[in-house]
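Undergrad: below are the sequence and a predicted model; questions follow.
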Amino acid sequence: MLRTLWGALAIVVAAASGNALHADVRLPAIIGNNMVVQADRPILIWGWAEPDEDVTVKLAEASASTKADAAGKWKVELPARPASAQAIEMTVAGKSTLTISNILVGEVWLGSGQSNMEWTVANSVNGQQEVQAANHPEIRLFIVPKRLSALPIDDVQGAWAVCTPQTVPNSSGVLFFFGRELHKTLNVPVGLITDAWGGSRIEPWITAEEFSTRPELKAEFDAYNRQHADRTAARVNQLKVMRTWLDAADAAAAAGQEFPDAPGFPPDPAAQFTSPVAMYNGMVHGVQPFVIRGVLWYQGESNRGQGMHYFDMMQGLIASWRKVWSQPELPFLFVQLAPYRYDNNETLLPEIWEAQTATLAVPHTGMAVTTDIATINDIHPQNKQDVGKRLSLWALANTYGKQGVVVSGPLYESMTIEGGKIRLKFQHIGGGLVSRDGQPLSWFSLAGEDKQFHKAEAVIDGENVVVSSASVANPVAVRFGWNQIAEPNLSNKEGLPASPFRTDKWPDAKNAAP
């Protein structure tokens with residue numbers, strides 16, 4: 001009797017998750033009322049219906065038709081449209097019809113990472129004033145709920161919302177302030193997708209395919225494979241547990257006795273918080289191929305200690321998202337972590353800074369430096385306005401072609417030894433090098449062949465900085481801001497701070513005292 005009921009239930013569940021689910025034409029959550037579709041790019045619309053069902057999509061005057069495949073999936077491409085704040089409507093017609101309204105055409109960006117990207121508008125500096133002023137009908141917001149998955153999930157939950165004081169508080173502060181700058185400067189609608197999870201490492205955001213193709217990420221791919229092997233073994237074992245329960249439950253039911261509820265599945269070994277790919281599967285896969293202009297990324301705190309290996313993973317992350325979005329030049333703008341007093345190891349954070357700076361070698365990237373807007377004893381600096389604005393400089397200059405925009409503070413380029421001094425050359429000096437607080441330049445240190453760094457004096461000499469120390473007669477290496485609590489004052493006249501760096505690669509050097 002119980003087995004018969006169990007079989008009937010299985011049929012019902014299969015029907016609910018199969019064709020019955022597709023009886024009505026359906027769209028993913030990312031395609032809905034109030035959305036912004038990317039301007040000047042072909043518009044991709046996709047969804048589900050019954051297998052072989054004819055589907056027609058009309059967006060304003062444009063239309064496209066297709067047929068759902070054997071799995072009930074369908075996708076159409078509509079012609080690109082110029083940016084416009086004039087709301088348009090879309091219908092999706094199969095055996096049923098959906099109507100999507102209040103659609104704008106503009107610039108769409110996705111923001112991902114850990115808690116500093118997730119940090120909300122409401123919790124940013126002057127949060128309540130920012131919230132109350134956030135009446136921006138041409139800015140639209142979408143927040144992807146947190147979800148882990150061992151396998152790619154084709155949809156996410158959530159809904160687009162018009163930006164108002166009621167809808168903006170929980171959106172990413174960095175992403176919102178970035179988008180607000182774009183909206184103000186470009187005067188076009190902006191769509192912002194928050195897709196972040198506090199405390200997350202970078203590994204869960206990278207695709208399995210990318211791990212499989214990069215030898216430098218072999219350790220992470222091995223971990224992925226182990227977890228999936230454990231997952232398979234656990235699920236096979238669960239079948240044995242279920243059969244044992246079913247036999248016992250059958251016997252109890254036949255004897256007119258009570259029996260316990262069916263045992264639930266144990267936690268998925270491949271869908272844990274640090275599992276490689278698990279956040280991509282649960283939170284990103286279901287967003288693409290929704291066309292976006294670019295990505296913002298603020299993450300790295302949880303990978304502190306990995307040094308230049310973080311550069312390997314950043315390359316993997318960027319490449320993997322460019323592949324799944326089929327945009328090989330997808331702009332990828334990221335934030336260099338702010339100074340923070342983690343523990344007694346003062347150089348692990350600078351090593352992440354070094355990896356982040358190295359990522360600028362990847363084409364179509366940009367980095368916002370935040371050494372001047374940190375909170376040394378709080379890992380979450382609340383000034384997200386300047387972070388968003390600095391990211392927007394890269395987008396405005398490189399993505400949108402705005403002329404005369406200085407995108408960054410000084411970045412180290414090269415050094416020359418001149419007797420007992422070292423001369424440093426920088427990129428992105430803008431209108432010139434300055435001390436942002438008018439005080440002598442800070443956080444420079446020198447070392448000779450003994451690898452012992454000492455505090456040094458540094459002076460601006462035209463477009464260069466010249467560094468010297470009475471304690472180092474024959475210097476061979478310079479470090480700048482090479483300490484987790486460093487807030488150096490070298491800047492350009494545009495007010496953008498210099499990024500920390502070192503000219504050596506010594507693992508056994510003695511860092512200068514703060």
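TA: It's in.

Undergrad: contacts and neighbour counts: CA atoms only from here.
TA: OK.

Undergrad: report the separation between the residue lying closest to A509 once chain neighbours are set aside and V465.
TA: The shortest distance from A509 to any non-neighbouring residue, by CA to CA, 6 or more residues apart in numbering, is to K451 (4.9 Å). K451 sits at a distance of 21 Å from V465 (criterion: CA to CA, to the nearest Å).

Undergrad: same thing with A249?
TA: When CA to CA is the yardstick, A249 and V465 sit 79 Å from each other.

Undergrad: ok, I485 - contacts?
TA: With contacts taken as CA atoms under 8 Å, 6 or more residues apart in numbering, I485 has the following neighbours: P339, Y340, R341, E346, I376.

Undergrad: need the pLDDT of the residue nearest to it when sequence neighbours are not counted.
TA: Setting aside the residues directly before and after it, I485 is nearest to P339 in space (CA to CA, 6+ apart), at 5.0 Å. Predicted confidence (pLDDT) at P339: the value is 98.

Undergrad: correct me if wrong: P339 contacts W482.
TA: No - contact criterion CA atoms under 8 Å: P339 and W482 do not qualify, at 10.2 Å.

Undergrad: geometric centre of the protein: which residue is closest?
TA: The chain has S112 as the residue nearest its centroid, 2.4 Å off, counting by CA atoms, centre = their mean.

Undergrad: any idea what that residue is bridged to?
TA: For S112, the beta-bridge partners under DSSP bridges are D195, W297.

Undergrad: ok, it touching A196?
TA: Yes - between S112 and A196 there is a contact under CA under 8 Å: 4.4 Å.

Undergrad: which residues are common contacts for the two?
TA: Taking CA under 8 Å, 6+ apart as the criterion, S112 and A196 both touch E118.

Undergrad: ok, and what's touching stretch 307-315?
TA: Here stretch 307-315 makes contact (CA under 8 Å, 6+ apart) with 202-203, 216-217, 300, 303, 348, 351-352, 354-356, 358-359, 362.

Undergrad: any idea how far the residue nearest to I485 lies from T370?
TA: 8 Å.

Undergrad: what's the next secondary structure element after the helix or strand hosting D247?
TA: D247 is part of helix 218-254 when elements are defined by DSSP states H and E. Using DSSP H and E, the helix or strand that directly follows helix 218-254 along the chain is helix 278-279.

Undergrad: hmm, which helix or strand of this protein has the shakiest average pLDDT?
TA: Least confident helix or strand, the chain: helix 2-17 with a mean of 43, by mean pLDDT, DSSP states H and E.

Undergrad: right, and the helix or strand after it?
TA: For helix 2-17, the following helix or strand on the C-terminal side (DSSP H and E) is strand 36-38.

Undergrad: the nearest residue to I352 once chain neighbours are set aside: neighbouring residues, count only.
TA: Of all residues not flanking I352 in the chain, G307 sits nearest, at 5.2 Å (CA to CA, 6+ apart). Look at G307: counted by other CA atoms under 10 Å, it has 19 neighbours.

Undergrad: please report how far the residue of the chain positioned farthest from its centre lies from W245.
TA: For the chain, the C-alpha farthest from the mean C-alpha position belongs to A255; by CA atoms, centre = their mean, that distance is 57.2 Å. Distance of A255 to W245, given as CA to CA: 15 Å.

Undergrad: follow-up on the earlier one: where does the residue nearest to I485 fall, phi/psi-wise?
TA: Backbone geometry at P339, expressed as degrees, to the nearest 10, gives phi -60, psi 140.

Undergrad: what residues sit buried inside stretch 175-195?
TA: For stretch 175-195, the neighbour count (16 or more other CA atoms under 10 Å) marks 175-183, 188-195 as buried.

Undergrad: next step: those residues restricted to strands.
TA: The members of the buried residues of stretch 175-195 that map onto strands under DSSP state E are V190, G191, L192, I193, T194, D195.

Undergrad: which of the contacts of stretch 307-315 lies closest to M35?
TA: The shortest gap between M35 and any of the contacts of stretch 307-315 belongs to I202, at 28.0 Å (CA to CA).

Undergrad: how close does that closest one get to G409?
TA: When distance is defined by CA to CA, I202 is 26 Å away from G409.

Undergrad: what about the two, which has more around it?
TA: Under the neighbour definition other CA under 10 Å, I202 and G409 were set side by side, and G409 has more, 27 against 24.

Undergrad: so the more buried one: helix, strand or coil?
TA: Local secondary structure at G409 is given as coil here, using DSSP: H, G, I helix; E, B strand; the rest coil.
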